[in-house]
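Student: Whatever this is, show me its structure:
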Amino acid sequence: MDKGELVPDEVVIGLVRERLQQPDTEAGFILDGFPRTVVQAEALDGVLAELGKKLDAVITVDVDKDALITRLTARRTCTQCGAIFNVISQPESASGRCSACGGALMAAR
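Tutor: Residues are numbered from 1 along each chain as shown. Sure, this is the predicted structure:
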């Protein structure tokens, strides 16, 4: 993750399995951004069956591609504290400095 690379499916699925075993998921849970692939979806089916849980609904958010590109290219991350900014919605971040710690802001790669 530190190198910006994808985490292997086995690791992500293991983390999801562990999290879904926590007591606070008994009343329900929301998975945001997972599964992303057919392999992950099939593994999730297996984890849910293993844990005796089921999906009641799936929500898909369809966003205009140009809007996503605009949002992503305006995003900045502090190199020191990891705070996330957006030069469009937070014009003060256009200074290139984090308002929380003063660190340099870096554009997404």
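Student: can we go C-alpha only for contacts and neighbour counts from here?
Tutor: Will do.
Student: Summarise which helices and strands the lengthiest helix in the chain is packed against.
Tutor: Identified as the longest helix of the chain according to DSSP state H is helix 38-51. If you count contacts as 3 or more Cα pairs under 8 Å, 6 or more residues apart in numbering; DSSP states H and E, helix 38-51 packs onto helix 9-20.
Student: Now do the helix it packs on and helix 38-51, the angle between them.
Tutor: Helix 9-20 and helix 38-51 are oriented at 30 degrees to each other (axes from the mean of the first three to the mean of the last three Cα atoms, to 10 degrees).
Student: what is the rounded mean pLDDT of helix 9-20?
Tutor: Mean pLDDT, helix 9-20: 95.
Student: returning to that earlier point: what comes up buried for the longest helix of the chain?
Tutor: Within helix 38-51, the residues that count as buried by 16 or more other Cα atoms under 10 Å are Gln40, Ala43, Leu44, Val47, Leu48.
Student: and the last one, what does it touch?
Tutor: Leu48 makes contact with Lys54, according to Cα atoms under 8 Å, 6 or more residues apart in numbering.
Student: Let me know the pLDDT of Met1.
Tutor: Listed pLDDT for Met1 reads 59.
Student: What residues of stretch 54-71 count as buried?
Tutor: Of the residues in stretch 54-71, none count as buried by neighbour count, 16+ other Cα under 10 Å.
Student: Any idea how far apart the tips of that stretch sit?
Tutor: 34 Å (Cα to Cα, to the nearest Å).
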